[in-house]
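1. Please work out how this folds:
(chains A and B)
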Amino acid sequence: MSNWLDDLGLEPNEPRAGPSFIERVRHAPDDDDYPIPDNFGGLDRNLLGQDGEEEETRFQQLIRHWINERQAPDILPGQEMLLGRILDHVRKQSDDVQLLRADPDSSEDEHFRIMLVQTEIERVKFVIRSYIRTRLFKIEKYARWISANAEVHEKLSKAELDHARRYARLTEYHFNQSVLQSFPPQQRSLADNMPFMPPIVPAPDKLRPVFVHARQECPPVQLPDGTSIAMEKGRISLTPYYVVEQLLLRGEVELV
Amino acid sequence: MAAATHQYGDLATQLLTDSRRSTATDTLLKYNDVLVRSIIREQRQLESLLQTAISSHPDEATPNPLLPTILLYQTAINRNKRCLLAYHAHRIDRLKDLYWSVGGALPLLLSMPSVGPSHTGALSPHEVDFLRSYNASILALRTESFSSASSLSQKDAGVLTEDVDLMAPIIKPPKDLHVLVRVVRDCGVVHTEQGAIDFRRGHRFLVRRADVEHLIVQGFLEEI
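-> Numbers count the residues shown, from 1 in each chain, chains lettered A, B, ... in the order given. Alright, predicted model coming up:
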């Protein structure tokens, strides 16, 4: 933990890229769960948004995973626990809002705050929705690859995996019904890989370049040309996805 | 078929042009049944030519003098197949886009003038089947998901799915709690936060966005 103190001191004069979206959210005055008395968020709540490297709230974690998921070519491990917690929190807050609204004693000012909370709840839901839909898009795109590769399965929730399997079956059935069944038997396979043709089962392209922002000091990574590069904190680089894949999975970097 | 000007693979190129046009104009074109059938016919024809070319030289010790011909047939077959599959995959993607753009309201989608009822419309019967099964799969996903996610409250899994409407649009984050809408088509009495509202054509209401989101998506209401 000593290096964050150092960083704190260096921050003003150190040349570095602008704050990431996460950091801007972190310092935004209207914190996610500000006006609600119920202290559900527990330890990681930070009401006043002090400067520094305090732990991120759950919603900030979700936003980070959401942006990662949107930028990464591969499917990232699903954040089921986090989602579950946030959903529980959202529901609790909705209940609280209902209670407060029904309370005739609440003042004009309080009503205004309630409205802010409600709007924020809608916005949290938006991020959740977008996160799930982003995963869904990738899952459907790579459905056949997913059902053939067991090591991907643990990244998906059970419901997502079921859907991937159903979807893979569904597309195969559809291709069979509308095209392949009318072919001569020798041509009906859906598994052939021709030289000079893109593979028939689309798989994530891990060579795709991504912008990556180091959230902390990271071990050096090996670049494709053999040189290695140290990802110091705050640095933003453009690299092929596979180079930073492990760092991303450990949460040391984020995609931007 | 005008054999003089016809090359193997021409038809498949036409099919791809169809797909490209569909992307460029952002519309779903009618399913090109005629073209698909003639390509399949071409496939069968190619296969029999290929088989004759192979069997004309049963001696396996010396190379078949028709090898270039065989290679040509084989390439044509592979290309046609990929084009056909690409055409169908592209249509499926478009259909899924349409499905999500109306918020997963399948009956509404199938009755849309641009899509039409299955026998006269732009879809092949298999595509209608596909949409039905896809819809079922999505519904199953909606009920299943979160049930494992919310370890803290198993019993409320169903409530959680209602909390977050997966079908709502994800283009713009919500900025306001309420939205001013104009009713474009009658959609009867809807229960909202302020009580039941009878949405009649031409009227305007200020309502909570979350209550009517699906009606906006499905085109019953219009944001002002």
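2. So which elements touch the helix or strand harbouring residue A:246?
-> Using DSSP states H and E, residue A:246 sits within helix A:241-249. When contacts are defined as 3 or more C-beta pairs under 8 Å, 6 or more residues apart in numbering or on different chains; DSSP states H and E, helix A:241-249 packs onto strand A:209-214, strand A:221-222, strand A:253-255. C-beta here means a position set from N, CA and C on the backbone, and glycine is covered the same way.
3. Next, the angle strand A:209-214 makes with it.
-> Here the directions of helix A:241-249 and strand A:209-214 differ by 30 degrees (axes from the mean of the first three to the mean of the last three C-alpha atoms, to 10 degrees).
4. so where's the stretch 51-200 of chain A uncertain?
-> Low-confidence segments of the stretch 51-200 of chain A, defined by pLDDT under 70, span residues A:51-54, A:192-193.
5. That one: helices as residue ranges?
-> Ranges of helices in the stretch 51-200 of chain A, per DSSP state H, counting those that start in this stretch, are A:58-71, A:80-102, A:108-141, A:143-148, A:150-153, A:158-178.
6. who's in contact with residue A:218?
-> A:230, A:231, A:232, A:247, A:252, A:253 (C-beta atoms under 8 Å, 6 or more residues apart in numbering or on different chains).
7. give me that answer again for 6 Å
-> By C-beta atoms under 6 Å, 6 or more residues apart in numbering or on different chains, the contact list for residue A:218 reads A:231, A:247, A:252.
8. out of those, which is most surrounded?
-> The most crowded member of these, judged by other C-beta atoms under 10 Å in any protein chain shown, is residue A:231 (24 neighbours).
9. what are the phi and psi values for it?
-> phi -90, psi 90 (degrees, to the nearest 10).
10. what number of residues lie near residue A:229?
-> A count of nearby residues for residue A:229, using other C-beta under 10 Å, gives 14.
11. And it, what's its pLDDT?
-> We have a pLDDT of 80 for residue A:229.
12. how far away is it from chain B?
-> Residue A:229 sits 35 Å away from chain B, going by C-beta to the nearest C-beta, to the nearest Å.
13. Residues in a beta bridge with that residue, which ones?
-> Beta-bridge pairing of residue A:229 under DSSP bridges involves residue A:221.
14. can you put the helices of the stretch 51-200 of chain A in JSON lines and add mean neighbour count and distance to chain B?
-> JSON lines is the format used below for the helices of the stretch 51-200 of chain A (neighbours: other C-beta atoms under 10 Å in any protein chain shown; distance: least, C-beta to the nearest C-beta, whole Å):
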{"stretch": "helix A:58-71", "mean neighbour count": "20", "distance to chain B": "11"}
{"stretch": "helix A:80-102", "mean neighbour count": "17", "distance to chain B": "4"}
{"stretch": "helix A:108-141", "mean neighbour count": "18", "distance to chain B": "4"}
{"stretch": "helix A:143-148", "mean neighbour count": "20", "distance to chain B": "10"}
{"stretch": "helix A:150-153", "mean neighbour count": "12", "distance to chain B": "14"}
{"stretch": "helix A:158-178", "mean neighbour count": "19", "distance to chain B": "4"}
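15. Just put those helices in CSV and tack on distance to residue B:93.
-> Formatted as CSV, the helices of the stretch 51-200 of chain A follow (distance: least, C-beta to C-beta, whole Å):
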stretch, distance to residue B:93
helix A:58-71, 19
helix A:80-102, 27
helix A:108-141, 9
helix A:143-148, 12
helix A:150-153, 21
helix A:158-178, 10
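16. Tell me which residues touch residue A:71, please.
-> Contact analysis of residue A:71 by C-beta under 6 Å, 6+ apart lists A:210, A:255.
17. swap in the one 4 residues further on?
-> Shown in contact with residue A:75 (C-beta under 6 Å, 6+ apart): A:138, A:155.
18. Residue B:207: what secondary structure?
-> Put simply, residue B:207 is strand when judged by DSSP: H, G, I helix; E, B strand; the rest coil.
19. Could you count how many residues lie near it?
-> Neighbour tally, residue B:207, other C-beta under 10 Å: 21.
20. and it, how far is that from residue A:115?
-> For residue B:207, the distance to residue A:115 equals 15 Å [C-beta to C-beta, to the nearest Å].
21. Look up which helix or strand the spatially most central residue of chain B falls in, please.
-> Nearest to the geometric centre of chain B sits residue B:95, at 1.7 Å (C-alpha atoms, centre = their mean). Secondary structure assignment for residue B:95, by DSSP H and E: helix B:67-101.
22. The one helix or strand in chain B whose mean pLDDT sits lowest: what's the following helix or strand?
-> Lowest mean confidence among the helices and strands of chain B (mean pLDDT, DSSP states H and E): helix B:157-163, at a mean of 50. Downstream of helix B:157-163, the first helix or strand assigned by DSSP H and E is strand B:178-183.
23. Dump that following strand to PDB, restricted to CA.
-> What follows is strand B:178-183, C-alpha atoms only, in PDB (Å, rounded to 0.1, in the frame of the first residue of the first chain):
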ATOM      1  CA  HIS B 178     -40.600  11.200 -16.300                       C
ATOM      2  CA  VAL B 179     -41.300  11.500 -19.900                       C
ATOM      3  CA  LEU B 180     -43.800  13.400 -22.000                       C
ATOM      4  CA  VAL B 181     -45.500  11.200 -24.400                       C
ATOM      5  CA  ARG B 182     -48.100  11.400 -27.200                       C
ATOM      6  CA  VAL B 183     -50.300   8.400 -27.800                       C
END
